[in-house]
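Student: Okay, here's the prediction I keep looking at, along with the sequence it came from:
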Amino acid sequence: MEVKNHCEENQLKNGVQNGVLKETPPAKLANHGKWNPIYLFLLCVLLGSVLILLLNACHPSDPADPWTLTGFFKAPLWDWTALAIVLTFTVLQGALYYLPVGQVVEGKMGSNEKRLKYSLNGLHAFGVCVVLLVCLWECGYVRAVSVSGRVLALVSAACVVSVLLSVCLYLRSASAQTHQGQDNNTGGFLLDFALGREVDPRVGIIDVKQFAMVRIGFIGWGLLDVCYLLTAVESESLSASLLLTVTFQLIYITEFLIDEDSVLDTKEFTEESIGFLMILGEYIWIPFFSSLPVYFLLQRPNDIHFLSVISIILLFSVGFLMYYMANEQKSRFRKSPHHPAVAHLETIRSPSGQNLLVSGWFGWVRHPNYLGDILLMLAWCLPCGFSSLLPYLPALQCFKLLRERSTEIEESCLKKHGEAWREYCRRVPYKLIQAVLTSLHFLNKNTR
């Protein structure tokens, strides 16, 4: 495996984050101070229940059926097979983390004064899981409906596993010594348990946060999509809309796993500690909520016209290219600003001594990667039709999250770069929303 110093790359990058060079901040617990304890408690308690209700609502209801409390749910809320599936998946991902393939990158300094190493073989692990699942399904050892038919029970089991892992993490951090702010005892059990006290906890060579974000969250999402697809094949109900949505999501997941090291630069990874809320989110929210449009189509098949298929593919292609090329341009400019592909791009010199990128993708809109993200997520919701708001909830949440994040970034850049940032905003007036509306209007006009 190739070992690569990710920290040195960060020093070269100095973070061109949405048009601005941004230094990677030192690790600190950035998530404790912004939470209201009551809201945090309700979120921890109700998140799983809300997700179960959303998944249950995807099932078509028959007005003739009498309503009962036990009959309200269209699938069992608990069974031991679901717990076995979640535990098997977790153990398998832990084992695949040790695959001797892919890069090993060195990141920030750990508490032992040595650089932390991260194994970037998520794509290989995902490939092994998909091949294993399809082979077992093809040989008749596994039926996809055994997974898709107990989705509610899987969410319940994932909640239980999240609690158990979080308890272990809490007890581990309670006995760990404080090193460079890595352990943060706030004096409140709720904050410590829900948000965590360590930024970079490890079990052996496994970085717990990377494991949760990539292996549990994204690989779990991808495997759920594959199970839903195979379930449709089993029931002979595979539709163009479901195939389209699964294909779009698998492309997105694969691209993320190819560029797995991009997660190492995110604020969540570098600054925030990991506790119950993050673990729970990776076990249930990322895989089950993100795949909600696919599950909706599995329960409520929707036929779409051929011209609609073309329009949706066009929208996804535009969004994906924008998302990919903007991130690629940003990464290339970070690593090598004199590279021929980016050397011609115009910049504004900041009083901080850094450069603001004001041409290329970042000269068209201030957050082109976020805009692409929104468009491609909208594209994989559209095959669901407009009979319900349910399948659009992930895209709406994505829009809200990225809008808030873009605002945070711009406030930070204004403080750091002052008049240079104001000049950038004057020359690139579109932040996010206006560009979304412009893109949709352009697509609508060209598909009439």
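Tutor: Arrived safely. Numbering: from 1, shown residues only.
Student: CA atoms for contacts and neighbours, from now on please.
Tutor: Noted.
Student: quick check, Leu356 in a strand?
Tutor: Yes: according to DSSP: H, G, I helix; E, B strand; the rest coil, Leu356 belongs to a strand.
Student: okay but it is in contact with Cys425, surely?
Tutor: No: if you go by C-alpha atoms under 8 Å, Leu356 and Cys425 don't touch, sitting 10.6 Å apart.
Student: the more surrounded of those two?
Tutor: Leu356 (25 against 18; other C-alpha atoms under 10 Å).
Student: Across the sheet, point out what pairs with the more buried one.
Tutor: With DSSP bridges as the criterion, Leu356 is bridged to Val20, Ile348.
Student: Adjust the sequence numbering to begin at 215 for everything that follows.
Tutor: Shifting the count to begin at 215 puts that one at Leu570.
Student: What's the separation between it and Arg548?
Tutor: Using C-alpha to C-alpha, to the nearest Å, Leu570 is found at 11 Å from Arg548.
Student: so what pLDDT did Gln648 get?
Tutor: At Gln648, the predicted lDDT confidence score is 57.
Student: go on, Ser566?
Tutor: 75.
Student: which residue packs closest to it, ignoring adjacent ones?
Tutor: Nearest non-adjacent residue to Ser566, counting by C-alpha to C-alpha, 6 or more residues apart in numbering: His631, 6.4 Å away.
Student: Now do the buried residues in the host helix or strand of Gly262.
Tutor: For Gly262, the host element (DSSP states H and E) is helix 251-271. Within helix 251-271, the residues that count as buried by 16 or more other C-alpha atoms under 10 Å are Leu254, Cys258, Leu261, Gly262, Ser263, Leu265, Ile266, Leu268, Leu269, Asn270, Ala271.
Student: Then stretch 311-329?
Tutor: Tyr311, Val315, Val318, Val319, Glu320, Gly321, Lys322, Arg329.
Student: just stretch 566-582 next, same as before
Tutor: Quick answer for stretch 566-582 (16+ other C-alpha under 10 Å): 568-582.
Student: what does stretch 410-417 give?
Tutor: Buried, per 16+ other C-alpha under 10 Å, within stretch 410-417: Gly410, Arg411, Glu412, Val413, Asp414, Pro415.
Student: Equivalent analysis for stretch 631-651, please.
Tutor: Neighbour-count burial for stretch 631-651 [16+ other C-alpha under 10 Å]: His631, Ala634, Trp635, Tyr638, Cys639, Val642, Tyr644, Lys645, Leu646, Ala649, Val650.
Student: Pull the contacting residues for the second one.
Tutor: This points to Ala634. Residues in contact with Ala634 (C-alpha atoms under 8 Å, 6 or more residues apart in numbering) are Ile562, Arg563, Ser564, Pro565, Leu570.
Student: Try it again at 10 Å.
Tutor: Neighbour list for Ala634: Ile562, Arg563, Ser564, Pro565, Ser566, Asn569, Leu570, Cys627, Leu628, Arg640 [criterion: C-alpha atoms under 10 Å, 6 or more residues apart in numbering].
Student: what's the farthest-apart pair in the residues you listed?
Tutor: Ser566 and Arg640 (19.1 Å; C-alpha to C-alpha).
Student: Distance from the chain centre to the longest helix that the chain contains, please.
Tutor: For the chain, the longest helix by residue count, based on DSSP state H, is helix 520-549. Centre-to-centre, helix 520-549 and its host chain are 17 Å apart (C-alpha atoms, centre = their mean, to the nearest Å).
Student: Many thanks, I have nothing further to ask.
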